[in-house]
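Trainee: Sharing a model that was predicted from the sequence below.
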Amino acid sequence: MNDSEFQQFVQTFQDRVRDRLSKQAAYETVNYLEGLPRDLLDPLLELSPLSVFVPKAYGGDGGTPARCLALLEATSYESIAVGLMLGISGSLFLDPVAKYGNETVKAHVFKRFLQEKVLGGLMITEPDFGTDALALQTAYQVSDGLCHIQGEKHWGGLTGLADFWLMTARQQKSNGKLARDVDLFICEMAQPGQRIVVESYYHKLGLFLIPYGLNRVDINVPLTSKLNSTSSGLKMMMDLLHRSRLRLSGIGIGFIRRMLDEAVSHCQTRFVSGSRLDEYDQVQHRLSELQAWYTINSGMCAFTARVSSIDSDLSGLGLQANANKAILTDMMQEAAQSLLQLVGAKGYRRDHIAGRAIVDCRPFQIFEGSNDVMYSQIADVFLKAMKRAMEPNLLRFCTTFEPVSKAADHYRDLLDIRIDTEAVQRLRVRMGKIVAWLISIGYVLDLTGQQFRQDLIDNAVAVVRTRIAEQVSGLKQPNPVSLVADYANGSDWKQVL
Ligand SMILES: Cc1cc2nc3c(=O)[nH]c(=O)nc-3n(C[C@H](O)[C@H](O)[C@H](O)COP(=O)(O)OP(=O)(O)OC[C@H]3O[C@@H](n4cnc5c(N)ncnc54)[C@H](O)[C@@H]3O)c2cc1C
């Protein structure tokens, strides 16, 4: 497809999503435990949106990062759940298969994606191992060219609905212990012995169109279905997770742009106490922040489009990928909260996009790396580098640290402080936020002189200033407060009377 054909393709798909969802508003209000009903799903997949992620050599559109992002944006503008469904199948299944899959298996998998209405997902999380995913207990043993995989997985997006899964497991050694490395296997539900059994579907809070649940894994897959890592499985996992964290930008930009458009249109037409809502200063404040999230997310997309091809090894891009993921998903939640605040009571309904948006985007702050952990890890990397450089002044160090140097120049007054590189975790999380904001606004500064509006760039830089200032002022907390054990003993207000 040339560029104009591709734009038309994306527009047609977006129109189809809007058309289907507006015809049947119940789709977004009924909590389908087993996911999108086929009468919604089939007309969407019939247009072959996932061909965008399939390499050209196998008859797809080539998986160009900018095109994958454009498809996710257009889809998520209409429905974040449908956008996430494409993101799961594309970033968490098709991309890793294209990069690490065995040639013979790839030909079969891609053919099914192009010719049939199939979906794929990734199972990492287990009931006892979520954040601590690398300690997962699903195990495999090899015999006669078959890998026997056993374990329990939950919360895999598209549970019971996906036709293909990437399954993570650790090899069981002859002494019964599990290898440190993690391997990934392609499992095809239509093949004998490969079916993953759904034990129960979860009554999830939002994202009604995507099924989640608890799965029992007891399958046999051929050794050829194992993904081939060039070095270690862990490095391969990092590469795929970092790519996926960056590609969330495509879902984010569609979602945030929708929040912004909804908020602007509401505030331009709603009159309260004799004034149009957008005439109130606090409303302008909310709208301008929403617009800044849109601008920052645009910068993230431009960066992701440049760096996230499957030909690149992203395993070393943790700082950028984690910053992108955490700031993006915090902005998504703030955007949804702001829209609901502005819309007021009529937004507090499942059949209104404002109410839905809050619960639909909330898990983005949890999956693919909990945001608290992301910020903490960003700080660990940054503070380690600071310590190595023996530079306690934040501003001076930032000016030498490439991922934030350009951005730091805009906040010199705020950053001219001394940093304790051994600070407790809550302060490291704050530090992580400062670094993540600097990395993110750096992507916006890269848009300067690139046919992107300068007034939007200037506004985003100003909005981020207040965010950095908040975190900097929080760094001065001298005695961190901890939970008081047995708090109920001696804290009953009625005893004070
Ligand atoms: C809607 C949704 C979709 C999902 N999709 C998928 C999917 O497609 N595939 C898949 O495999 N999984 C998926 N997951 C699972 C998700 O990746 C995990 O929920 C996530 O990794 C967190 O694991 P956990 O829920 O077990 O929380 P835990 O690991 O128990 O962590 C809970 C909280 O504890 C805190 N915490 C944990 N560790 C630390 C630390 N070191 N420092 C400070 N605080 C910490 C954080 O606040 C964290 O949020 C999905 C989850 C949801 C809700």
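Mentor: Happy to help now that I have it.

Trainee: So Ile124 is in contact with Thr168, correct?
Mentor: Yes - judged on Cβ atoms under 8 Å, Ile124 makes contact with Thr168 at a distance of 4.9 Å. From N, CA and C alone the C-beta is placed, and that goes for glycine too.

Trainee: Now do the SS call for His242.
Mentor: Look at His242: counting by DSSP: H, G, I helix; E, B strand; the rest coil, its state is helix.

Trainee: on that earlier part again, find residues that contact each of Ile124 and Thr168.
Mentor: Residues touching both Ile124 and Thr168 comprise Ala133, Leu136, with contact defined as Cβ atoms under 8 Å, 6 or more residues apart in numbering.

Trainee: Grab the nearest non-local neighbour of Gln377.
Mentor: Nearest non-adjacent residue to Gln377, counting by Cβ to Cβ, 6 or more residues apart in numbering: Asn322, 5.9 Å away.

Trainee: got it, and Met431?
Mentor: Nearest one to Met431, counting by Cβ to Cβ, 6+ apart, is Ala379 at 4.2 Å.

Trainee: Sticking with that neighbour, tell me its helix or strand.
Mentor: helix 371-389 (DSSP states H and E).

Trainee: Next SSE downstream of that helix?
Mentor: Following helix 371-389 in sequence order, the next helix or strand is helix 394-400 (DSSP H and E).

Trainee: now for that next one, which elements pack on it?
Mentor: helix 371-389, helix 402-408, helix 412-415 (3 or more Cβ pairs under 8 Å, 6 or more residues apart in numbering; DSSP states H and E).

Trainee: Compare those and give me the one nearest the ligand.
Mentor: Nearest to the ligand, of all those, is helix 371-389, at 4.3 Å by Cβ to the nearest ligand atom.

Trainee: Which positions in the closest one come out as buried?
Mentor: 371-379, 382-383, 385-386 (16 or more other Cβ atoms under 10 Å).

Trainee: same question, stretch 347-354
Mentor: Gly347, His352, Ile353, Ala354.

Trainee: Next, format the residues you listed as CSV and append distance to the ligand.
Mentor: As requested, the buried residues of stretch 347-354 are exported to CSV (distance: Cβ to the nearest ligand atom, whole Å):
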residue, distance to the ligand
Gly347, 22
His352, 21
Ile353, 18
Ala354, 19
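
Trainee: so who does the residue nearest to Gln377 touch?
Mentor: Asn322 makes contacts with His242, Arg245, Gly369, Met374, Gln377, Ile378, Ala436, as judged by Cβ under 8 Å, 6+ apart.

Trainee: Pull the most distant pair out of these.
Mentor: Maximum pairwise distance among the contacts of Asn322 (Cβ to Cβ): 14.4 Å, between His242 and Ala436.

Trainee: Check whether Val461 really touches Leu445, as I assumed.
Mentor: Yes - Val461 is within contact range of Leu445, at 7.5 Å (criterion: Cβ under 8 Å).

Trainee: shared neighbours of those two, which are they?
Mentor: With Cβ under 8 Å, 6+ apart, Val461 and Leu445 have common neighbours His410.

Trainee: about what we covered before: tell me who's in contact with the residue nearest to Met431.
Mentor: Arg428, Val429, Met431, Gly432, Val435.

Trainee: Buried subset of these, written for ChimeraX?
Mentor: In ChimeraX, a selection of the buried entries from these looks like this (16+ other Cβ under 10 Å):
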select :428,429,431,432,435
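
Trainee: Is stretch 153-171 positioned near the ligand?
Mentor: Yes - using Cβ under 6 Å from any ligand atom, stretch 153-171 reaches the ligand at Trp155, Gly156, Gly157.

Trainee: Output that stretch as CSV, restricted to C-alpha atoms.
Mentor: These are the backbone C-alpha positions of stretch 153-171, laid out as CSV (Å, rounded to 0.1, in the frame of the first residue of the first chain):
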residue,chain,number,x,y,z
LYS,A,153,-1.5,-18.0,33.9
HIS,A,154,-4.0,-15.2,34.4
TRP,A,155,-4.9,-11.8,33.1
GLY,A,156,-3.7,-12.6,29.5
GLY,A,157,-5.5,-10.1,27.3
LEU,A,158,-8.0,-12.0,25.0
THR,A,159,-8.2,-15.0,27.3
GLY,A,160,-10.3,-17.7,25.6
LEU,A,161,-10.6,-15.6,22.5
ALA,A,162,-7.1,-15.5,21.0
ASP,A,163,-6.3,-18.2,18.5
PHE,A,164,-2.6,-18.0,19.2
TRP,A,165,-0.6,-17.3,22.3
LEU,A,166,3.0,-16.6,23.2
MET,A,167,3.5,-18.6,26.3
THR,A,168,6.4,-17.8,28.7
ALA,A,169,7.9,-20.7,30.6
ARG,A,170,11.2,-21.8,32.3
GLN,A,171,13.0,-25.0,31.5
